[in-house]
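have a look; sequence and predicted model below, questions after that.
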Amino acid sequence: MSIKSVMVIGAGQMGSGIAQVFAQSGFQVMLNDMNEEALDKGMQSIEKLLSRNVDKGRIEEEEKTATLSRLTPSLNLDDAESADLVIEAIVENMEVKTKVFSRLDKITPHHTILASNTSSLPITEIAAATERPEKVIGMHFMNPVPVMKLVEIIRGLQTSDETYETIQRVAGELQKTAVEVEDFPGFVSNRILMPMINEAIYTLYEGVASKEDIDSVMKLGMNHPMGPLTLADFIGLDTCLYIMEVLHDGFGDSKYRPCPLLRKYVKAGWLGKKSGRGFYVYE
Ligand code: CAA
Ligand code: NAD
């Protein structure tokens, strides 16, 4: 199946990055958000990153102009009627996501593939909100999308081979490396990463060491590019909490219980870098 036109829903840190890499790879892209301010911010961040690439000599000015000309902002979900592929990158909440998928099922043509960038929610359950479960799939990008090479492709119970093969080919066209993953809580990436981050938060909560020292241990001792508390702020503490809850509910194992300190920060609105404060303060 040929994919030419793509809609990305959610212009936050993931959606804007996904829209950028699709547009840079020659696809026609609509970037949709229900919040005008968030949409403007997403479009501006793409322009800024492209300008930075020009300044650094990584791309020519013409490529920046051509990429931007392939990008259209959208505030109306009905614009998805012309998309061959929709990638949803909104809040990590099953109820909100299934509402959007159920609407997309009515708006888009029969051939359209509906993908979710969910970090951990079951693709099979998202697919059940539509009448085309064979065309629903997980396409999980890593943050920051323009830099990270990996895409996890998650097969729901009813995802067809044709849908899988199309998404695998598209990932290749974006110059990403795809891995095939079955639909289990947290997939592979967050089943391994998020308990490590949660344990780092417990280490802080129990007063074992300062946040800076916990991060230094993993950065300098294990050669991670970012310490786990910095990484949690970068991902978003709300997203980290949702993922831990999905692991906890999905496996029913107390080893996945979210740290109370994580819950407390999210309740306070300390969501990490995107809100200006998490474990660290951002100007
Ligand atoms: N968007 C786009 N590009 C970015 C970026 C961003 N937010 N941040 C950094 N970059 C790029 C820039 O091009 C930069 O190069 P220039 O300065 O020459 O332009 C390059 O990355 C290196 O950046 P920095 O020198 O500022 O910093 P760094 O060397 O520490 O690299 C990093 C930044 C790539 C983010 C690195 O710290 C890193 O790899 N961190 C870990 C990221 C990670 O683990 N991601 C996965 C998160 S989990 C996930 O995504 C799944 C989930 O479901 C939660
Ligand atoms: P974010 O909070 O930065 O952005 C979410 C955007 O979605 C916001 O702009 C919001 O206005 C918009 N939105 C919410 N509901 C909407 C709706 N019904 N219609 C249109 N727009 C809507 O979130 P994010 O960090 O970009 O995460 C988005 C998704 O990607 C989540 O499912 C998350 O789990 C997943 N993810 C996040 C990361 C990460 O590191 N942050 C990595 C991989 C995957």
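Thanks, I have the structure now. Ligands and ions are numbered 1, 2, ... in the order given.

show me what contacts the residue of the stretch 151-283 of the chain found nearest ligand 1?
Proximity of the stretch 151-283 of the chain to ligand 1 (C-beta to the nearest ligand atom) peaks at residue 225, 3.6 Å away. For glycine as for every other residue, the C-beta is placed from the backbone atoms N, C-alpha and C. Listed by C-beta atoms under 8 Å, 6 or more residues apart in numbering, the contact partners of residue 225 are residue 219.

before we move on, what about the one 5 residues further on?
Going by C-beta under 8 Å, 6+ apart, residue 230 touches 215, 279-280.

what distance do you get for it to residue 282?
Distance of residue 230 to residue 282, computed by C-beta to C-beta, to the nearest Å: 11 Å.

any buried residues in the one helix or strand residue 66 maps to, and which?
Applying DSSP states H and E as the criterion places residue 66 in helix 61-69. Neighbour-count burial for helix 61-69, counted by 16 or more other C-beta atoms under 10 Å, picks out 64, 67.

who touches it?
Contacts of helix 61-69 (C-beta under 8 Å, 6+ apart): 20, 23-24, 46-47, 50-51, 53-54.

which residues in the stretch 51-200 of the chain form strands?
71-74, 85-88, 113-116, 136-141, 150-155, 177-182 (DSSP state E, counting those that start in this stretch).

quick one: list the elements packing against the third one.
Using 3 or more C-beta pairs under 8 Å, 6 or more residues apart in numbering; DSSP states H and E as the contact criterion, the neighbours of strand 113-116 among helices and strands are strand 85-88, helix 94-107, strand 136-141, helix 161-173.

what's the answer for the first one, then?
Counting by 3+ C-beta pairs under 8 Å, 6+ apart, the packing neighbours recorded for strand 71-74 are strand 28-32, helix 36-55.

so for the shortest one, what's the average pLDDT?
Throughout strand 28-32, pLDDT has a mean value of 98.

what does the last one give?
Mean per-residue pLDDT for helix 36-55: 98.

does ligand 2 sit close to that helix?
Yes - judged by C-beta under 6 Å from any ligand atom, helix 36-55 comes into contact with ligand 2 at residue 38.

in that helix, what counts as buried?
Quick answer for helix 36-55 (16+ other C-beta under 10 Å): 39, 42-43, 45-46, 49-50, 53.

domain ranges for this structure?
Taking the TED database as the reference, the chain has its domains at 5-182, 190-273.

which residues does the residue nearest to residue 43 when sequence neighbours are not counted contact?
Leaving aside its chain neighbours, residue 43 sits nearest to residue 73 (5.5 Å; criterion: C-beta to C-beta, 6 or more residues apart in numbering). By C-beta under 8 Å, 6+ apart, the residues touching residue 73 are 11, 30-32, 39-40, 43.

lovely, talk soon.
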